[in-house]
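Chemist: Next comes the sequence, and after it the predicted model I'd like to discuss.
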Amino acid sequence: MSIRKGKIEEREYQKNIFENAKNSNTLVVLPTGLGKTVISVLVVDYRLSKYKDSMALFLAPTKPLVSQHYKTFSALMDVKLGMTSGETKKADRQNVYETSRLIFATPQTVENDIENGNIDFSDFSLLIVDEAHHTVGNYAYVKIAKEYMMKSAHPLILGLTASPASDQEKINLICRNLSIANVEIRGEDDPDVAPYVKSKTIEEIRLELPNEILEIISYLKIFIQEQVVALQHVGLLKDAALNRINRRTILMLQKSLQARMFSGNRNFYTIRGIIITSKLLKLYHALNLISTQSVGAFNRFIQKIINEGTSKTDKELAKAEQIRWLFEKSQKILDSGVEHPKLKELSKILSDSFSSEQKAIIFTQYRDTVDVIYDTVRRNEGVRPVKFIGQGKSGLSQKKQIEIIKDFEAGVYNVLVSTSVSEEGMSIKGADLAIFYETVPSGIRSIQRRGRVGRFNAGKIFILITEGTNDEGYYWVSKEKRVR
């Protein structure tokens, strides 16, 4: 036994899943916060004990997540651990593979090492795939699993995900790609899980938009319709009713036009269609910003098109009188103190349901909205907020992300204003309250968000829903995916 004594709380459902997973390729579907990591510790311990000279490989999608798992296993197991990433030199990675029994890595790193012959799976007896719902398409997990199953003398795969059981088609695809024979699904209501679930209360708050914002939305919808008509004038979607055309329709059309162009068909109608669909997608994004996010984020988005846009799409939009009107109108109502009602509601929630000794996570889709929320909530007494965003352009480095999580857990900050980077995988301890600034049309993302609160104590979740907007539609879509 390499598990440190007294470090793991025995839970009935974890033991049950372990017994089924220790000798058969298994996908574990368990909501965030219910201990998938403990199950993987038990399986690692079993496989490394059974095959004395073998190794195990633990894959996670991001470096912060790899680092977090490495830290967790270091505290739980007395075994030689190694960690590697794309930043590790090739010779140093090879040394990790040769001297460690349990290795933590990103899939991209291992995929590269397969190609350059830097890793040999013949001595591995276990492959753990965290956030296994990524095992689709061209993602590195697919290639690694295939190579591992072919080369390992004693292959076993353990997939971990919070993906909802209702998404059966995707689960079937993941199982095929990981050679999964056994699926272990548990929910918070299952008999062997329920005793360990901390109580959570969920409050849905429905908000009405003020007339000033409704006026902008109405004008913007007319502008969108005019662009759809322009598409029909070049022979596209001419048989479709205007009220049946939406963002998804336009996105599919754009992909079709781009494929046509890449195949060599670069006539006027194809090029013109791509430009108009690009304009429409920007306008749909603007519509979502003004209706579900904030006037400030909308205003900055329009301003960026006018002042910084260099593409043909942006230049055409910038010349349009409608865009100028939208910018001036949104600036005017901002100057008059009108903002999206969600921002006022955020302050109210933090005033009424939050104390400076507690911790809260506010989830939102967009970085611009993170800035607006941060500027709003820091005015609340006792609130010590911090922004938590992904890498990308002007984003946070993985090192900085890890530092922020550590400071949040230590109480340096007590409100984490975050994009989707905190939804997946990252263990964030001690959050008492979560606020969904908007709904998301994904069952898995909804479950991941919920799993970030109430891990150790009772928690409360607030979901902000703007009536008559995408919030309502996305709410019902994600709810259906969770309960089917």
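Modeler: Great, that's in hand.
Chemist: for the stretch 151-300 of the chain, what spans make up the strands?
Modeler: When secondary structure is read from DSSP state E, counting those that start in this stretch, the stretch 151-300 of the chain shows strands at 157-161, 182-185, 200-207.
Chemist: Over to the stretch 1-150 of the chain?
Modeler: 26-29, 55-59, 81-84, 102-105, 124-129.
Chemist: Strand partners (parallel or antiparallel) of the longest one?
Modeler: Strand 124-129 pairs in its sheet with strand 55-59 (parallel), strand 157-161 (parallel), by DSSP bridges.
Chemist: among the strands of the stretch 151-300 of the chain, which is nearest residue 276?
Modeler: Nearest to residue 276 among these is strand 200-207; the distance by CB to CB comes to 33.1 Å. C-betas here are computed from N, CA, C, even on glycine.
Chemist: distance between the closest one and the chain's centre?
Modeler: 21 Å (CA atoms, centre = their mean, to the nearest Å).
Chemist: Residue 348 versus the closest residue to residue 240 other than its chain neighbours, what's the distance?
Modeler: Distances taken as CB to CB, 6 or more residues apart in numbering place residue 249 nearest to residue 240, at 7.2 Å, with adjacent residues excluded. Counting by CB to CB, to the nearest Å, the separation of residue 249 from residue 348 is 38 Å.
Chemist: Look at the two and report which has more neighbours.
Modeler: Shown here are residue 249 and residue 348; by other CB atoms under 10 Å, residue 249 has more neighbours (15 against 12).
Chemist: wait, isn't the more buried one in contact with residue 243?
Modeler: No. Using CB atoms under 8 Å, residue 249 makes no contact with residue 243, being 11.2 Å away.
Chemist: ok, now which ones touch the closest residue to residue 237 other than its chain neighbours?
Modeler: Nearest residue to residue 237, sequence neighbours excluded (CB to CB, 6+ apart): residue 231, at 5.5 Å. The neighbours of residue 231, taking CB atoms under 8 Å, 6 or more residues apart in numbering as the test, are 237, 253, 273, 276-277, 280.
Chemist: Could you give me the buried positions within the helix or strand encompassing residue 402?
Modeler: Secondary structure assigned from DSSP states H and E places residue 402 in helix 398-410. Across helix 398-410, burial judged by 16 or more other CB atoms under 10 Å covers 398, 401-402, 404-405, 408-409.
Chemist: Okay, strands next: where are they in the stretch 351-484 of the chain?
Modeler: Using DSSP E, counting those that start in this stretch, strands in the stretch 351-484 of the chain cover 360-363, 385-388, 415-418, 433-436, 459-466.
Chemist: so how far is the last one from its chain's centroid?
Modeler: Right, the one you point to is strand 459-466. Worked out by CA atoms, centre = their mean, strand 459-466 lies 18 Å from the chain centre.
Chemist: Now do the phi/psi pair for the closest residue to residue 90 other than its chain neighbours.
Modeler: Among residues not flanking residue 90 along the chain, residue 118 sits closest, at 6.2 Å (CB to CB, 6+ apart). Per-residue torsions, residue 118: phi -90, psi -10 (degrees, to the nearest 10).
Chemist: Quick one, grab the pLDDT at residue 118.
Modeler: As predicted, residue 118 sits at a pLDDT of 90.
Chemist: Burial check on it, number of neighbours?
Modeler: Residue 118, neighbours per other CB under 10 Å, totals 16.
Chemist: any idea how far it lies from residue 67?
Modeler: 21 Å.
Chemist: which residue is nearest the middle of this structure?
Modeler: Residue closest to the average C-alpha location in the chain (CA atoms, centre = their mean): residue 420, at 4.1 Å.
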